[in-house]
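Visitor: The following block contains a protein sequence and its predicted model.
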Amino acid sequence: MSTLELGLPMPVPAPGLPARVRIHEVGARDGLQNEKATVPTEVKAEFIRRLADAGLTTVEATSFVHPKWVPQLADAEQLFPLVADLPVALPVLVPNERGLDRALALGATRVAVFASATESFAKANLNRTVDEALAMFEPVVARAKAEGAEQVRGYLSMCFGDPWEGPVPASQVVHVCRALLDMGCDELSLGDTIGVATPGQVSALLTALGAAGVPTEALAVHFHDTYGQALANTLAALQYGVTTVDASAGGLGGCPYAKSATGNLATEDLVWMLHGLGIETGVDLGRLVATSEWMAGRLGRPSPSRTVRALSHKE
Ligand SMILES: CC(C)(COP(=O)([O-])OP(=O)([O-])OC[C@H]1O[C@@H](n2cnc3c(N)ncnc32)[C@H](O)[C@@H]1OP(=O)([O-])[O-])[C@@H](O)C(=O)NCCC(=O)NCCSC(=O)C[C@@](C)(O)CC(=O)[O-]
């Protein structure tokens with residue numbers, strides 16, 4: 001489905017925006033980690049295969065965390081080998097060396113640690129203070145790199161607001177970003193975990209990070225859509241020069257340790273906007289919508305994505 005097929009004028013690349021955006025698809029990890037009913041491993045594998053088939057080149061697969069903390073992803077050992085042969089990048093989350101061991105044993109080549117800008121979420125999500133968590137990640141990043149990892153990502157949660165602490169000062173985000181970069185992370189994903197940011201706050205944070213010497217090329221953005229601001233926030237980040245955007249097929253998601261986190265920015269809504277701006281993604285929107293419809297059928301409820309709803313059954 002293209003704008004041409006809908007009778008809309010063909011988009012021209014918008015000035016000041018990138019020609020291409022890489023989408024870091026998080027539906028199979030961030031999306032499914034929050035599901036109450038257990039999703040069978042084979043369904044997860046099929047979901048990941050379909051996402052790759054729709055043209056997504058980075059499909060976050062699962063997490064090697066403590067199974068009691070995130071029971072939905074307790075099948076990481078069974079799932080990863082089912083998708084390892086796909087011709088796409090398959091990052092996995094690893095909180096500590098135990099998680100890294102498990103990931104490396106299965107041949108994972110892209111790993112992500114996940115830090116917090118706030119003490120409350122660091123405690124809730126990792127049972128550590130912010131600095132204890134950073135100390136836990138340091139040997140993980142060093143060993144991942146020594147063992148030839150293609151990329152180490154550092155997630156950073158609660159970059160704008162925190163359900164326990166309220167607005168988050170940019171200085172806290174800068175501190176954790178610098179620490180993750182200094183320990184060797186190649187990419188930093190700035191998370192609006194509870195979806196409270198607005199575009200002005202996104203621009204202000206990116207400006208503060210730039211002033212602190214954090215290179216924009218190393219940044220990705222990760223928005224949740226609680227207040228319907230995720231697309232506007234993404235556009236603000238693109239205008240600032242960010243070219244990697246996290247999104248979740250069908251708008252699945254949330255975080256089990258942040259009570260007000262709702263679904264992620266839906267990948268379909270993102271693709272619709274980017275293609276409309278003349279920005280390439282490599283994603284076949286029709287196939288992606290069909291994938292989210294299929295997954296919604298497995299989960300027994302409709303996708304919250306506007307684009308999925310608008311295009312359902314039209315392909
Ligand atoms: C970090 C811990 C493990 C600390 O949890 P802890 O209880 O402090 O663990 P510990 O270090 O004290 O170890 C206790 C036991 O757990 C075992 N253990 C320890 N680690 C592992 C492991 N990796 N795999 C399997 N087992 C493990 C370890 O071996 C030990 O076993 P024992 O000796 O007692 O038999 C725990 O807090 C945890 O797993 N947290 C993960 C929480 C999580 O996954 N949250 C969701 C992801 S973050 C997110 O969604 C936000 C994001 C990224 O999307 C961005 C955004 O939106 O903001």
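Guide: Received it, and whenever you're ready, just let me know what you need. Numbering: from 1, shown residues only.
Visitor: rest of the way, CA atoms for contacts and neighbours
Guide: Noted.
Visitor: would you list every one of the helices in the chain?
Guide: For the chain, the helices defined by DSSP state H cover 41-53, 76-83, 97-105, 119-126, 130-146, 170-183, 199-211, 230-240, 267-276, 285-299, 306-311.
Visitor: Distance from the chain centre to the second one, please.
Guide: Same thing as helix 76-83. Its chain's average C-alpha position is 19 Å from that of helix 76-83, according to Cα atoms, centre = their mean, to the nearest Å.
Visitor: near the ligand, anything from that helix?
Guide: No: counting by Cα under 6 Å from any ligand atom, no contacts exist between helix 76-83 and the ligand, the nearest distance being 10.0 Å.
Visitor: Likewise for the longest one?
Guide: No: counting by Cα under 6 Å from any ligand atom, the ligand has no neighbours in helix 130-146; the shortest distance is 8.2 Å.
Visitor: quick one: that helix to helix 170-183, angle?
Guide: Angle of helix 130-146 versus helix 170-183, following axes from the mean of the first three to the mean of the last three Cα atoms, to 10 degrees, is 30 degrees.
Visitor: Can you list the buried residues in helix 130-146?
Guide: 130, 133-134, 136-138, 140-141, 144-145 (16 or more other Cα atoms under 10 Å).
Visitor: contact partners of stretch 74-83?
Guide: Where contact means Cα atoms under 8 Å, 6 or more residues apart in numbering, the residues beyond stretch 74-83 that reach it are 41-42, 44-45, 48-49, 61-68, 102, 106.
Visitor: For the stretch 151-300 of the chain, what lies in contact range of the ligand?
Guide: Taking Cα under 6 Å from any ligand atom as the contact definition, the stretch 151-300 of the chain meets the ligand at 155, 157-158, 191-193, 255.
Visitor: Most neighbours among the contacts of stretch 74-83, which one is it?
Guide: residue 63 (31 neighbours; other Cα atoms under 10 Å).
Visitor: Isn't residue 178 up against residue 214?
Guide: Yes: Residue 178 is within contact range of residue 214, at 7.1 Å (criterion: Cα atoms under 8 Å).
Visitor: So which residue is smack in the middle of the chain?
Guide: Central residue check for the chain by Cα atoms, centre = their mean: the C-alpha nearest the mean position is that of residue 246, 3.8 Å away.
Visitor: Excluding covalently adjacent residues, which one is nearest to it?
Guide: residue 24 (4.5 Å; Cα to Cα, 6 or more residues apart in numbering).
Visitor: who are the neighbours in contact with the one you found?
Guide: With contact taken as Cα under 8 Å, 6+ apart, residue 24 is in contact with 56-60, 244-247.
Visitor: Likewise for residue 305?
Guide: With the criterion set at Cα under 8 Å, 6+ apart, residue 305 makes contact with 250-251, 266, 268-269.
Visitor: Stretch 209-219 spans what distance, first to last residue?
Guide: 10 Å (Cα to Cα, to the nearest Å).
Visitor: Pull out the buried residues from it.
Guide: In stretch 209-219, counting by 16+ other Cα under 10 Å, buried: 209, 214, 216, 218-219.
Visitor: again, but for stretch 108-120
Guide: 108-120.
Visitor: Look at that stretch and report the distance between its end residues.
Guide: So stretch 108-120: terminal residues 30 Å apart, Cα to Cα.
Visitor: again, but for stretch 118-131
Guide: 10 Å.
Visitor: quick check: mean pLDDT across it?
Guide: Stretch 118-131 comes out with an average pLDDT of 98.
Visitor: And the contacts of it?
Guide: 95, 115-117, 133, 157-158, 162, 164-165, 168, 172, 257-258.
Visitor: which one is residue 33 nearest to, not counting chain neighbours?
Guide: Residue 33 sits nearest to residue 72 (Cα to Cα, 6+ apart), 5.4 Å away.
Visitor: scratch that, residue 38
Guide: Nearest one to residue 38, counting by Cα to Cα, 6+ apart, is residue 72 at 5.9 Å.
Visitor: Any stretches of this protein with poor pLDDT?
Guide: 1-10, 13, 254-256, 258-261, 313-315 (pLDDT under 70).
Visitor: List the buried residues of stretch 287-299.
Guide: 287-296, 299.
Visitor: before we move on, the earlier item: count of neighbours near the residue nearest to residue 38?
Guide: For residue 72, using other Cα under 10 Å, the count is 22.
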